[in-house]
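Novice: Provided below are the primary sequence and the corresponding predicted coordinates.
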Amino acid sequence: MKNNFEFEADSTAKKIYIEREFDAPVEKVWKAWTDPEILDKWWGPKPNRIETRIMDFKVCGTWQFAMVTPEGQKHWLYAEFTGIETHKSILTKALFFDGEGNPVNSGPNWYRDTRFSSIEGNRTRVNIAITYEDDATFERFTSDGYFKQGTAIGYNQLDELLASEKVTA
Amino acid sequence: MRRDIFQAVADPTRRAILTLLVTGAMTPNAIAGHFDSSRQAVSKHLQILTECEVVTAKQTGREIHYHFNPEKMKEIDIWLEQLRKMWMDRFDQLDNLLNEL
């Protein structure tokens, strides 16, 4: 496969590893990952979208956004940047919160370690490791978290949506 | 408190209990015999596993046997498949954007 998407899970250790290659130089990919206007265009998997409320891209800064379902329901998420190395890595800890800055669970709930590397052909490889801290996180994700809603709809409509987008693109 | 499959596998002792039960149903005493932890501790784990519905307690005469419920374990696979698809879709959207940047 051209973009070499890999997804591995160690559910007993509550860790997920993701790898993906992009047909763009690392500076561009980095921008897409850190510019809220661009993030809002791709981070929310269709048919959901995201709305960034605050993006303060620095260590100890936060990215606060809502995952908005097609019905207009909002699930707030909050990520704090714990480490940044320009064009190389972004470390975050994340949790659900209520939109006013209060965590929904006692959090932090999960950690994401994102690494960027230049590869041959002016391309970029991104490696992501996600660690879930506690059971409450899994519970949240599997009960009324955005996954279930997003993907339940997604399973039925996503392929269709993507196909129609390709037609108009 | 609502229990789910992820809580079942979150603990190493519970994973070991599940591994034991995959080979066949066992009584709580027989299960406890495989662990250094106290009978009460094992009992507590069995209670959580039962609440997660990944094991089922069945009364046979005077004895209770715990059975493994493989169907329940599939929930993890389903969740992971959803997560995998979410990241795939997200990245496909990014591919299109990168062309425009």
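Specialist: Arrived safely. Numbers count the residues shown, from 1 in each chain, chains lettered A, B, ... in the order given.

Novice: separation between the residue of chain B found nearest chain A and residue B:14?
Specialist: Closest to chain A within chain B is residue B:6: 3.5 Å, counting by C-beta to the nearest C-beta. The C-beta positions use only the backbone N, C-alpha and C, and glycine is treated the same way. In this view, residue B:6 and residue B:14 are 11 Å apart by C-beta to C-beta, to the nearest Å.

Novice: look at residue B:13 and give its secondary structure.
Specialist: What DSSP: H, G, I helix; E, B strand; the rest coil gives for residue B:13 is helix.

Novice: that one contacts residue B:38, doesn't it?
Specialist: No. Counting by C-beta atoms under 8 Å, residue B:13 stays clear of residue B:38, with 11.3 Å between them.

Novice: neighbour count: those two, which is higher?
Specialist: residue B:13 (15 against 10; other C-beta atoms under 10 Å in any protein chain shown).

Novice: once you drop chain neighbours, what's closest to the more buried one?
Specialist: Among residues not flanking residue B:13 along the chain, residue B:45 sits closest, at 5.5 Å (C-beta to C-beta, 6 or more residues apart in numbering or on different chains).

Novice: hmm, back to that, doesn't the residue of chain B closest to chain A fall inside a helix?
Specialist: Yes. Counting by three-state DSSP, residue B:6 is located in a helix.

Novice: what does the pLDDT read for it?
Specialist: Per-residue pLDDT puts residue B:6 at 72.

Novice: what of residue A:15?
Specialist: Confidence score, pLDDT, at residue A:15: 83.

Novice: my guess is residue A:49 contacts residue A:40. True?
Specialist: Yes. Using C-beta under 8 Å, residue A:49 is in contact with residue A:40, at 7.1 Å.

Novice: give me the more crowded residue out of these two.
Specialist: Each of residue A:49 and residue A:40 has its neighbours counted (other C-beta under 10 Å); residue A:49 has more, 18 against 15.

Novice: and that one, how far is that from chain B?
Specialist: According to C-beta to the nearest C-beta, to the nearest Å, residue A:49 and chain B sit 10 Å apart.

Novice: from residue A:67, how far out is the residue most central in space within chain A?
Specialist: Chain A has residue A:43 as the residue nearest its centroid, 5.7 Å off, counting by C-alpha atoms, centre = their mean. With distances taken as C-beta to C-beta, residue A:43 is found 9 Å from residue A:67.
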